[in-house]
Structures are given as C-alpha cells and as structure tokens.
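Trainee: here is a sequence with its predicted model. Questions after.
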Amino acid sequence: MVEKVVTVFGSSKPVEGEDEYEFARRLGYELGKIGFTICNGGYSGTMEATARGAKEAGARTIGVTVSIFRGSANKWIDEEIKAKDLFERLKILIEKGDAYVVLRGGTGTLVELSLVWELMNKGLIELKPFVAVNFWVPIIEVISKQLQYESRLDAIGYIKIINDVDGIVEHLKSKLLY
C-alpha cells in the first residue's frame with residue numbers, strides 16, 4: 001500500500017491532560033492505527049499530541065520545523081524536516097499532505113487553513129480531503145459568503161466540518177483508503 005499522509009494543523013499551546021491535547025492525541029492514534037502517516041509542524045501542543053498518538057499506534061510521523069526557531073522537533077517525530085522559514089514550512093506541510101485536518105488554533109493555524117483553502121479554490125493544488133473542527137465555522141461561513149458573492153462558487157464545499165475523532169477518521173478513511 002502506498003503511504004498516505006494526513007497533515008494536521010493546530011495550536012502549540014495545549015498540554016497533556018487538556019481536552020484539546022487529548023482530542024489530538026486520540027486523532028493521531030486512530031489515524032495511525034489504520035495506517036496513515038501523520039505530518040505536522042513538529043513542535044508542542046496538538047502537533048506533539050497527534051504525533052504521540054500516531055506513534056502509540058505504531059505509525060510514522062513527520063515534523064516540519066523552522067530553522068529560525070530554537071529547539072527541535074518533539075520526541076514523537078520520526079522524520080524532522082527543517083524549513084528555512086515559515087513560507088517554506090507551509091509549502092512542505094501542504095505538499096506532504098494527501099489530506100488536511102485543521103484543529104483549533106490561533107493566527108498560524110488560520111494562515112494554514114486559509115492557504116490550503118485558497119490553493120484549492122484557485123486550482124493551484126488538487127482537491128484533497130480537507131476537514132476542520134467546529135471552532136472554525138464562523139470564519140469559514142463569513143469567507144464563504146464573500147467568495148460566493150465574488151465568484152458564485154460554493155467554496156465552502158472544499159471544507160468538511162467534523163467535530164469528532166470518529167467522524168474525521170471515517171471521512172478520511174472513505175476518501176483515501178479505497
């Protein structure tokens with residue numbers, strides 16, 4: 001079977017024991033259990049959690065870090081790719097993914113969600129499974145209304161809103177595992 005990579009975007013803030021961290025850890029575990037490789041930004045928070053879950057399930061992990069930041073990838077990363085800057089990091093994270101999951105996050109995660117959406121919207125990357133949790137619904141709805149006004153396209157159709165681990169896993173499984 002060809003390796004399928006799920007790129008997960010999310011916050012660096014959650015710590016073990018917090019709901020966001022445990023959600024991400026379980027997501028990584030469940031995706032890893034069915035054979036997906038997890039790719040993320042490689043640092044702490046939900047990045048650590050998804051990689052940890054994947055490793056606990058015996059899956060492979062990829063972390064894309066940035067050479068301008070101090071520190072290296074978390075201990076759950078098998079392969080660290082050091083990007084020279086944030087732009088190169090985004091490019092690698094997107095290129096590696098056969099699917100994307102956007103967890104809760106701040107401005108960095110917003111940039112990641114927006115860039116994947118824009119690249120798909122403009123046809124600059126192929127359409128791939130693209131999931132976001134409920135946290136992003138207000139932003140997605142506002143931007144989608146503007147996109148519909150501008151181009152009469154149903155741009156929100158690119159993003160599937162799923163707020164539970166089982167639903168995300170089933171969706172990605174149905175789209176990537178034939």
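Mentor: Received the coordinates, thanks.
Trainee: show me where the chain has its helices.
Mentor: For the chain, the helices defined by DSSP state H cover 19-33, 46-56, 86-96, 107-121, 137-151, 165-176.
Trainee: show me what the helix or strand bottoming out on mean pLDDT in the chain is packed up against.
Mentor: One helix or strand of the chain scores below all others by mean pLDDT, DSSP states H and E: helix 137-151, with a mean of 81. Applying 3 or more C-beta pairs under 8 Å, 6 or more residues apart in numbering; DSSP states H and E, we find helix 137-151 packed against helix 107-121. No exception for glycine: its C-beta is placed from N, CA and C like everyone else's.
Trainee: contacts for the helix it packs on, please.
Mentor: 9-12, 90, 93-94, 100, 102-103, 105, 124-128, 130, 132, 136, 139, 143, 147, 153, 155, 158-159 (C-beta atoms under 8 Å, 6 or more residues apart in numbering).
Trainee: show me which of those are buried.
Mentor: The neighbour-count criterion (16 or more other C-beta atoms under 10 Å) marks 9-11, 90, 93-94, 100, 102-103, 105, 128, 130, 132, 136, 143, 147, 155, 158-159 among the contacts of helix 107-121 as buried.
Trainee: in stretch 39-46, what counts as buried?
Mentor: So stretch 39-46, judged by 16+ other C-beta under 10 Å, has buried residues Cys39, Asn40, Gly41, Gly42, Tyr43, Ser44, Gly45, Thr46.
Trainee: give me the distance between the two termini of that stretch.
Mentor: End-to-end span of stretch 39-46 (C-alpha to C-alpha, to the nearest Å): 12 Å.
Trainee: for the nearest residue to Glu126 once chain neighbours are set aside, the count of nearby residues, please.
Mentor: Of all residues not flanking Glu126 in the chain, Met120 sits nearest, at 8.0 Å (C-beta to C-beta, 6 or more residues apart in numbering). Residues near Met120, counting by other C-beta atoms under 10 Å, number 20.
Trainee: how about Asn134?
Mentor: For Asn134, the neighbour count with other C-beta under 10 Å is 12.
Trainee: need the contact list for it.
Mentor: Residues in contact with Asn134 (C-beta under 8 Å, 6+ apart) are Ile161, Asn163.
Trainee: returning to what we had before: tell me the most buried of the helices of the chain?
Mentor: helix 46-56 (a mean of 27; mean count of other C-beta atoms under 10 Å).
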